[in-house]
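Predicted model follows, preceded by the sequence.
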Amino acid sequence: MRLVVVSNRVALPDSSDRAGGLAVALDEALREGSEGLWFGWNGETSRRPSDSVHEQRHGKVSFATVALSREEFAGYYESYANRCLWPLLHFRVDLTAYDEEAEHQYRAVNERFARLLAARLRPDDVIWVQDYHLIPLAGALRRLGVSQRIGFFLHIPFPPAALFETLPGHERLAEDFAAYDLIGTQTEADAAHLRDYLAKTLAVPLEGGSLLHRGREVRLDAFPIGIDPAGFRALATAEEGESEFLRLRANLRDRALVVGVDRLDYTKGLVRRMRAFESLLAQFPEARRQVEYLQVAPLSREQVEDYRRFRLELEQLTVKINAQYGETDWTPVHYINRILSRATLAGLYRAASIGLVTPIRDGMNLVAKEYVAAQDADDPGVLVLSRFAGASAQMPEALLVNPYDVASVGRALEQARQMPRAERRARHAALYAGLCRQDLRGWRQSYLDSLRGTRA
Ligand code: ADP
């Protein structure tokens, strides 16, 4: 059986999109069989929609990519995917901006992708569609007569039905979901939300974890995504990671480093996180001069107004905390927008006594896992993690916090700062073992086994 992966962006070999673990995991999955095909957008925009597909082959795997027109990009990607589905699926109904024309473009792009892909499919292909940009793809393929197994994985959360139902035309998406054989989510909670929503909206019965819709079975299950913990750990101790680690430790002298690493996105809880650090300094004056907070936050989706507003708020808060608490020889908050190499990132995590990961809502959050993987087992740092990150379901040995309760996050930071080494080691050992039990390879294998096992 050939595996066909479809995603919004295609990570070509040697491209910078490969830095993250997901691209590598999908690529490995494609190389596992005798052949593989990866289909999606090439990241470019053209004046007019064009059906020309660029194909290139690297070993066993073909990469087939298409451009989007500027209109399609604006409607499908910037508006419907990023301004509407992204906030809504992260429970932010208040930021959800629905636009009818954008939904039209979103559907048109999915239809076009389906048409171009269908022409390339073989009878025994198994198709794996990635993420919220492409929810309607299976429905569009089915209308073209595609009967092969099609699976979907949602990398971000799914909210309770009461929130999702606020979206105009949400019933169309419910029908789209029902065209898949298997829908994977990051957590059991997401799977339960989606199951309940679909059963109610489509008025169909649930059987076990599955829906029965128009004579077809749609399975829904959680497949929490992982990382390659040993590989990441090796990065933290190999040359580049080690030198970053040593340089930072020397710079810090005996101060503890609190680190945050996130795309600059309002779901990451950065303003509240900054306030929580301020609250640590306010509640525990003895912590001042003993700790520094470094937030690394590459800019993201700058064309969206909500992101610009939130970025400004964060910058102002950083300046305010440093002005209020800073000393001539101590700057409490460091804030940079740079993208770092994987190895530098690994060395940075390793040098930090506290990993602070406090999204207000997150599908999984891989930074939490990377932070744990990078620690030295005999003297590890402490992970302070939001209960609202999908990762918290698998990481109960972290200090779990409610990011909305800013003062309590400040107290958790102090608890982490004071935590005895024996406790840190015990928590870290349990967390690391969890990373190994549910790693990235296991994620894709269990998903694909499950997809291939549908219609048994
Ligand atoms: P999201 O997918 O919402 O951005 P995740 O935490 O799941 O959040 O994944 C983010 C990925 O991006 C992680 O692998 C992390 O290492 C990487 N990343 C985040 N910030 C940076 C940065 N400044 N430089 C390099 N990689 C980064």
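Yep, that arrived. Numbers count the residues shown, from 1 in each chain.

can you pull the contacts of the closest residue to residue 239 other than its chain neighbours?
In this structure, residue 239 finds its nearest non-sequential neighbour in residue 343, 8.0 Å apart by C-beta to C-beta, 6 or more residues apart in numbering. Every C-beta, even on glycine, is put in place using the N, C-alpha and C of the backbone. Each residue near residue 343 by C-beta atoms under 8 Å, 6 or more residues apart in numbering is listed here: 235, 236, 238, 239, 240, 241, 244.

From the residues you listed, pick the one nearest the ligand.
Nearest to the ligand among those: residue 235, at 10.7 Å, using C-beta to the nearest ligand atom.

Helix or strand: which one has that closest one?
Assigned by DSSP states H and E, residue 235 falls within helix 229-237.

Mind checking if that helix is in reach of the ligand?
No. Against the ligand, helix 229-237 shows no contacts by C-beta under 6 Å from any ligand atom, the least distance being 9.1 Å.

Could you confirm whether the very next helix or strand once past that helix reaches the ligand?
Downstream of helix 229-237, the next assigned helix or strand under DSSP H and E is helix 239-252. No. Residues of helix 239-252 are not located near the ligand by C-beta under 6 Å from any ligand atom, the shortest gap being 12.4 Å.

and the helix or strand just after helix 239-252, what does it pack onto?
Remark: after helix 239-252, the chain's next helix or strand is strand 256-261, criterion DSSP H and E. Judged by 3 or more C-beta pairs under 8 Å, 6 or more residues apart in numbering; DSSP states H and E, strand 256-261 is in contact with helix 270-283, strand 291-296, helix 342-351, strand 354-357, helix 366-374.

sorry, back to before: kindly calculate the angle that the helix holding residue 235 makes with helix 366-374.
In terms of direction (axes from the mean of the first three to the mean of the last three C-alpha atoms, to 10 degrees), helix 229-237 departs from helix 366-374 by 70 degrees.

in helix 229-237, what's buried?
For helix 229-237, the neighbour count (16 or more other C-beta atoms under 10 Å) marks 229, 232, 233, 235, 236 as buried.

Provide the contact partners of that helix at residue level.
For helix 229-237, the external contacting residues (C-beta under 8 Å, 6+ apart) are 241-242, 245, 342-343, 346-347, 349-350, 369-370, 372-374, 432, 435-436, 439.

what residues does the stretch 201-350 of the chain put near the ligand?
261, 263, 296, 298, 339, 340, 345.

Got a PyMOL select line for the buried ones in those?
Only the buried members of these enter the following PyMOL selection, criterion being 16+ other C-beta under 10 Å:
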select buried, resi 261+263+296+340+345
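
For the residues of the stretch 201-350 of the chain next to the ligand, give me a markdown table that also has pLDDT.
Shown next, in a markdown table, are these (pLDDT from 0 to 100):
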| residue | pLDDT |
| --- | --- |
| 261 | 97 |
| 263 | 91 |
| 296 | 97 |
| 298 | 91 |
| 339 | 91 |
| 340 | 93 |
| 345 | 96 |
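
Residue 209: which of the residues of the stretch 201-350 of the chain next to the ligand is nearest?
Among these, residue 263 lies closest to residue 209 (C-beta to C-beta), at 31.6 Å.

next one: phi and psi at that closest one?
phi -60, psi 150 (degrees, to the nearest 10).

ok, it touching residue 297?
Yes. Between residue 263 and residue 297 there is a contact at 6.9 Å, judged by C-beta atoms under 8 Å.

sorry, back to before: now render the contacts of residue 343 as a markdown table, adding pLDDT.
Conversion of the contacts of residue 343 to a markdown table gives the following (pLDDT from 0 to 100):
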| residue | pLDDT |
| --- | --- |
| 235 | 96 |
| 236 | 97 |
| 238 | 97 |
| 239 | 96 |
| 240 | 96 |
| 241 | 96 |
| 244 | 97 |
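
which of the residues you listed lies closest to residue 53?
Nearest to residue 53 among those, with distances taken as C-beta to C-beta, is residue 235, at 35.5 Å.

which ones are touching the nearest residue to that closest one once chain neighbours are set aside?
Distances taken as C-beta to C-beta, 6+ apart put residue 346 closest to residue 235, at 4.0 Å, once the chain neighbours are dropped. By C-beta under 8 Å, 6+ apart, the contact list for residue 346 reads 232, 233, 235, 236, 241, 244, 370, 374.

Give the buried residues for the worst-scoring helix or strand of the chain on mean pLDDT.
Every helix and strand in the chain was compared by mean pLDDT, DSSP states H and E; the lowest is helix 21-32, with a mean of 84. Residues 21, 22, 23, 25, 26, 27, 29, 30 are the ones in helix 21-32 that count as buried (16+ other C-beta under 10 Å).

What is the burial count for the closest residue to residue 434 other than its chain neighbours?
Among residues not flanking residue 434 along the chain, residue 394 sits closest, at 5.6 Å (C-beta to C-beta, 6+ apart). By other C-beta atoms under 10 Å, the residues close to residue 394 number 21.

so residue 394 touches residue 438, yeah?
Yes. Between residue 394 and residue 438 there is a contact under C-beta under 8 Å: 6.3 Å.
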